[in-house]
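Participant: Okay, sequence plus prediction incoming.
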Amino acid sequence: MLRINLAKSLSVLAWIAVAWMPANLPAQSAGPAVLQIKAGQVAAHVSPRLYGLMTEEINFSYEGGLYAELVRNRTLMEDSKEPVHWTLVQERGGVGSIALDPSQKFNDALPISLKLTIAQASGNQRVGIANEGFWGIPVRPNARYRASFYAKAAPGFKGPLSIAIVSDDGATTYATAQIGGLTETWRKYQAVLNTRSAPVSATNHLTITAANPGDVWFNMVSLFPPTFDNRPNGNRKDIMQLLADMKPAFLRFPGGNYLEGNTIATRFDWKKTLDGVPQRPGHMDDAWRYWSTDGMGLLEFLEWCEDLHMEPVLAVYAGYSLRGQRVAPGPDLAPYVQDALDEIEYLTGPAASTWGARRTKDGHPAPFPLTYVEIGNEDQFDRAGGGTYDGRFTRFYDAIKAKYPKLQLIATTRVTARTPDVIDEHYYRNSEDLMASTAHMYDSRPRTGPKVFVGEWATRVGSPTPNMSAALGDAAWMTGMERNSDLVIMSSYAPLFVNVNKDAMQWRTDLIGYDTLTSYGSPAYYAQKMFSLYHGDLVLPIVAQDVPTRLWQPSTPAGRKGPNGEPPATPPQAPPPQQVPTLFFNATLDSGTHNIFLKIVNRAAMPQAVRIEVGGLGSLDPKGQSIAMSAPSPDGTNSIAEPLKIVPVATPIDGLSTRFTRTFPPYSITVLQMKAR
C-alpha cells in the first residue's frame, strides 16, 4: 500500500548539475550510482502548467511557417517600389507588364494594388501574374486548395481569368479553375483547386492569367491548403500535430521581440489585427527583418490555444521597444495601459462589454480563459537613466489589479515598487559549461519571493535545430525545473520554429524545423515531449550516492577589452578543473494512478549502471515501461532528410522491485514508468 506524507520536504533534494564531459576523461566512480527514492515523502508539487509553448515571429515562424497561407507578399506591402515575389507570365507570344500601382488603392489599410497590363493575348497566348510562394508552393495529391483574390478590371476587359498551380518548369498544371465576371469595382473571387493525382512537390508557383488584352488590378491573392481542424485562415496541419503531440499546457504570445518591435511604431499592435484579413495593414517585423501580414492576429493566437486545448499567457506591450524607445511612466503611458486593459477585456469580457462585444462580432461569443498576463518582455535591457521598468510595471500592475484582481501578473525583470506574482527568467546557453552553472540554481532559492516562469530557454548547440548534445543539456536542466516546480511553475523553450530553407533563419538552434513540404522535431523536441508527457503531480525526494563524475574544464572567460578595442592588460585566467556528475535525475509520482516516473539523463560516453532503491511503499509492480532516447554521438541530430533519426522508443520492462539495478546507455534520456502498490 502506498504511503504518502503530504508535508513538503524541500530540504531533501537530489544531486543536480549540468556539464559537458569530454569523452576522453575517466569517470571517477568505480561502482554503480545509488538512487534512493523516498516514495513516502513529498518534496514539492508539480505545477500543472510546467510545460508549455512560447512563440514569436522569427525564422519565418508564421509567414511561411505555422500560418498556412501559401502566397508570399499577398498584400503587396513588403516593398514600396517592386512587387517582390511576384513575376510576369507571358506564354506563347503573349505580351504584358506588371507594376505596383498606388493610384488604384485597394483600401485604406492596403493603399496599393498590382496592375497587370495585357498588351497582346489571344488564342493560346496568355499573360498574367505568378507568385513563388514561400520557397515554392507545396503540392500533394488529392488535396483541395482554397484560392481567393480581389480584383477589378478596366472598361472593356472581357476575361475570364484562369487561376492555377503550375510546376516551376511550366510543364505541368496540377490544378486550375476559371473565374469570370470581373467588374470595374473591387470584388472578391474564390475557387477550389483540386490537385487530384498530382505527385508530392514543392517546386511550383501560383498563376493568374488571361487570354484577352486589357488592364486588371489585384490585391489579397491567397491560397490555403487544408488546415488543422479545417479552420479558416488556419494553421499548417503537420506542424500543429507536432505541437499537439507535446500536450502543452499554455501558449505565451505574441512574443518576445515581436511584441516590442524595434520601435514603438513596429510593436505588435493587436487592435490592427482584429479586422478581417483584407483590412489588416500588417507591419514590418523589424526585430527579425521581414514583413508580417498579421494574418496571425490576436484572435488567431487565441484560436490556436483553443485548437490545442492550451491556456493563453498574454504578453502586453509595456512601453519599451528594442532600440531604446520608451514611454515614461507617467501620463504618456496611460494610453498603453488602457490598451492592455482593452486587450484583457477582449479575451475575458462579457458580450455586453465594449471589447467583449467586439470579440463576439469577430465570431467568438464565449470569453477565453486567462490567468496570467505578462507585462512587457526582457525589460532588463531598458537601462538608460537607471531604467523605467519599475515605474512602468507599477502603472500596469495597479490598473490591471484594480479591474482584474484575480489575474496573476508576470514581471520580466526584478522590480521593487510592486511585488509581481511571477517573474519571467530567460536562459540561453551557448556552451555546456554555462549550463553547468545554472542547472541546480533553483534547488536553494528561497520560496518567499515571486514564482518563476522560465519563459525562454535553450541549450544552443546545433543548427538549424538542436542536436543530441543540446537535448541532453536541456533534459538535465528540465530535471532541475521539474524537481523545483513548486517554484518554477511554467517553462517554455525558445525559439519554437525555424524554416530551414535558405535565408529563412535568423536564430540558430530552434525546436522544430520545416521546409515547404515537411516538418520534423529535433532531439530537443523529443526531450521536451518526454518530460511533458511523463510526470506525476508530486515530486519525490532522492538521496544519491556514488554518482559518477568526470573532470570538467570550464571555458576560459573572455577578457574585458579597452575603450578602443585593445586587448586586456592582464589575460584572463582559466578556471580550475572540477569534478561534476554525469547523471542527472528526478522522480515524480502521480497520486491518482500511483505511477512513479524516474527520469535519468546520462551525458557520459559510456553506459552507466544505477542501483535504484524505492522506499516508503509496499512494493512495485514487476512490469513497467522504459521510454528512452539515445544516440551514438552527441552530434547526432534530426533533419528534413532524416526526421526520425533520434526519437524516443517505448519498451516494456520486467523484473522491477523496490531494489533493482539498470544500465543506461551513453548519451541517453530515459523515463522509467513504474507502478507503486
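Facilitator: That came in fine, so what should we check first?

Participant: who does the helix or strand Ala609 falls within pair up with?
Facilitator: For Ala609, the element it lies in under DSSP states H and E is strand 608-615. Applying DSSP bridges, strand 608-615 is found paired with strand 33-38 (parallel), strand 659-664 (antiparallel).

Participant: got the ones you listed as a markdown table, with mean pLDDT, distance to Pro369 and mean neighbour count columns?
Facilitator: In short, each C-beta sits where N, CA and C put it, glycine included. A markdown table is the format used below for the strands paired with strand 608-615 (pLDDT from 0 to 100; distance: least, C-beta to C-beta, whole Å; neighbours: other C-beta atoms under 10 Å):
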| stretch | mean pLDDT | distance to Pro369 | mean neighbour count |
| --- | --- | --- | --- |
| strand 33-38 | 96 | 35 | 21 |
| strand 659-664 | 97 | 40 | 16 |
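
Participant: Would you agree Gln120 is in contact with Gly94?
Facilitator: Yes. Shown here, Gln120 and Gly94 form a contact pair, counting by C-beta atoms under 8 Å, at 6.1 Å.

Participant: what residues are shared contacts of those two?
Facilitator: Taking C-beta atoms under 8 Å, 6 or more residues apart in numbering as the criterion, Gln120 and Gly94 both touch Val127.

Participant: And those two? Which one has more around it.
Facilitator: Gly94 (23 against 12; other C-beta atoms under 10 Å).

Participant: So, low pLDDT: which residues of the stretch 551-677 of the chain?
Facilitator: In the predicted model of the stretch 551-677 of the chain, residues 551-576, 578-580 satisfy pLDDT under 70.

Participant: those strands in it, which residues are they?
Facilitator: 578-581, 583-589, 595-602, 608-615, 624-630, 649-653, 659-664, 668-675 (DSSP state E, counting those that start in this stretch).

Participant: Quick one: the strands paired with strand 608-615 as a markdown table, columns for distance to His205 too.
Facilitator: Output for those, formatted as a markdown table (distance: least, C-beta to C-beta, whole Å):
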| stretch | distance to His205 |
| --- | --- |
| strand 33-38 | 58 |
| strand 659-664 | 50 |
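
Participant: Among the ones you listed, which comes closest to Ala494?
Facilitator: Nearest to Ala494, of all those, is strand 659-664, at 28.8 Å by C-beta to C-beta.

Participant: got the angle for the closest one vs strand 649-653?
Facilitator: Relative orientation of strand 659-664 versus strand 649-653 (axes from the mean of the first three to the mean of the last three C-alpha atoms, to 10 degrees): 150 degrees.

Participant: So for stretch 142-159, what gets flagged as buried?
Facilitator: Judged by neighbour count (16 or more other C-beta atoms under 10 Å), stretch 142-159 contains these buried residues: Ala143, Tyr145, Arg146, Ala147, Ser148, Phe149, Tyr150, Ala151, Lys152, Ala153, Phe157, Gly159.

Participant: Where strands are concerned, which of those count?
Facilitator: Judged by DSSP state E, the subset of the buried residues of stretch 142-159 located in strands is Tyr145, Arg146, Ala147, Ser148, Phe149, Tyr150, Ala151, Lys152, Ala153.

Participant: pLDDT and distance to Thr658 added to those, as CSV?
Facilitator: CSV is the format used below for these (pLDDT from 0 to 100; distance: C-beta to C-beta, whole Å):
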residue, pLDDT, distance to Thr658
Tyr145, 98, 59
Arg146, 98, 59
Ala147, 98, 64
Ser148, 98, 64
Phe149, 98, 68
Tyr150, 98, 70
Ala151, 98, 74
Lys152, 98, 78
Ala153, 97, 81
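
Participant: which one of those residues is nearest Arg236?
Facilitator: Tyr145 (13.1 Å).

Participant: wait, Met490 sits on Pro48?
Facilitator: No. Applying C-beta under 8 Å as the test, Met490 and Pro48 come out as separate, 9.8 Å apart.

Participant: where do the contact lists of these two overlap?
Facilitator: Taking C-beta under 8 Å, 6+ apart as the criterion, Met490 and Pro48 both touch Ala249.

Participant: Who has more neighbours out of these two?
Facilitator: A count of neighbours by other C-beta under 10 Å puts Met490 above the other of Met490 and Pro48, at 27 against 13.

Participant: Which secondary structure state is assigned to that one?
Facilitator: Here Met490 is strand, with the state taken from DSSP: H, G, I helix; E, B strand; the rest coil.

Participant: Show me the residue sitting in the middle of this structure in space.
Facilitator: The structure's the chain has its C-alpha centroid closest to Leu496; by C-alpha atoms, centre = their mean the separation is 2.8 Å.

Participant: Out of the buried residues of stretch 142-159, which two are the most distant from each other?
Facilitator: Largest separation among the buried residues of stretch 142-159 by C-beta to C-beta: Ala143 and Phe157, giving 31.5 Å.

Participant: low-scoring stretches of the stretch 351-500 of the chain, by residue?
Facilitator: 385, 430-438.

Participant: Break down it into its strands, ranges please.
Facilitator: Assigned by DSSP E, counting those that start in this stretch, the stretch 351-500 of the chain shows strands spanning 372-375, 408-411, 422-429, 451-459, 488-491, 497-499.

Participant: For the fifth one, give me every contacting residue.
Facilitator: Pointing back at strand 488-491 there. With contact meaning C-beta under 8 Å, 6+ apart, strand 488-491 is reached by 47, 49-52, 249-250, 313, 372, 422, 442, 451-455, 457, 478, 481.

Participant: picking that back up, ok and the strand holding Ala609 relative to strand 595-602, angle-wise?
Facilitator: Angle between the axes of strand 608-615 and strand 595-602 is 150 degrees (criterion: the same axes, to 10 degrees).

Participant: oh, and call the first residue 7 from now on, that's how I've got it
Facilitator: Happy to do that; since the first residue is 7 now, the last one works out to strand 614-621.

Participant: How far off centre is strand 614-621?
Facilitator: 36 Å (C-alpha atoms, centre = their mean, to the nearest Å).

Participant: burial count for Pro232?
Facilitator: Residues lying near Pro232 (other C-beta under 10 Å) number 15.

Participant: Pretty sure Ile169 sits against Gly186.
Facilitator: No. Taking contacts as C-beta under 8 Å, Ile169 lies outside contact range of Gly186: 11.6 Å.
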